[in-house]
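Colleague: Starting from these lines, generate the structure:
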Amino acid sequence: MRPNMVRIGALEYSVVNESDEANYGNTDIGHLRISVDPKLPEIRQRETLLHEVLHAVTDRYLADDVDERVVRQLSAGLIDWMVANPDAVRWVMGG
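Modeller: Residues are numbered from 1 along each chain as shown. Have a look, this model is predicted:
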């Protein structure tokens, strides 16, 4: 089940269902809100949540804006690695 909240540093972002014809998801930095389109296939929702989390992480921890293309490529590569390597992901997470 998808989480309703993610923590990035000291900030808690709510994660909500929201459809948008133009985007799979969105990160509202000011309102600490991440939306994901619930009509997407589950793997696309997972990638979208990771993509939006990367936006929040880069906003919090990097001084420069990160290009959308870079976030898109990172989220696709990371979700691919995580799905293909669940044992490695568990190990990285300390479990």
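
Colleague: Quick check: Ser75 touching His55?
Modeller: No - look at Ser75 against His55 with C-beta atoms under 8 Å: they stay out of range, at 9.2 Å. Glycine gets a C-beta too; all of them are placed from N, C-alpha and C.

Colleague: quick check: longest strand of this structure.
Modeller: Ranked by residue count, the top strand of the chain under DSSP state E comes out as strand 11-17.

Colleague: Report the strands that pair with it, each with its relative direction.
Modeller: Partners of strand 11-17 in the sheet, by DSSP bridges, are strand 5-8 (antiparallel), strand 33-36 (parallel).

Colleague: quick one: what helix or strand has the residue nearest to Asn17 when sequence neighbours are not counted in it?
Modeller: The shortest distance from Asn17 to any residue other than its chain neighbours is 4.0 Å, reached at Pro38 (C-beta to C-beta, 6 or more residues apart in numbering). Under the criterion DSSP states H and E, no helix or strand holds Pro38.

Colleague: mind listing the helices in the protein by residue range?
Modeller: Counting by DSSP state H, the chain has these helices, from start to end: 42-61, 68-84, 86-92.

Colleague: So which residues make contact with the longest one?
Modeller: To tie it back to what came earlier, the one meant is helix 42-61. Here helix 42-61 makes contact (C-beta atoms under 8 Å, 6 or more residues apart in numbering) with 2, 6, 8-9, 11, 13, 15, 24-27, 29, 34-38, 40, 65-66, 71-72, 74-76, 78-79, 83.

Colleague: now the residues you listed: which count as buried?
Modeller: 6, 8, 13, 15, 24-27, 34-37, 71, 74-75, 78-79 (16 or more other C-beta atoms under 10 Å).
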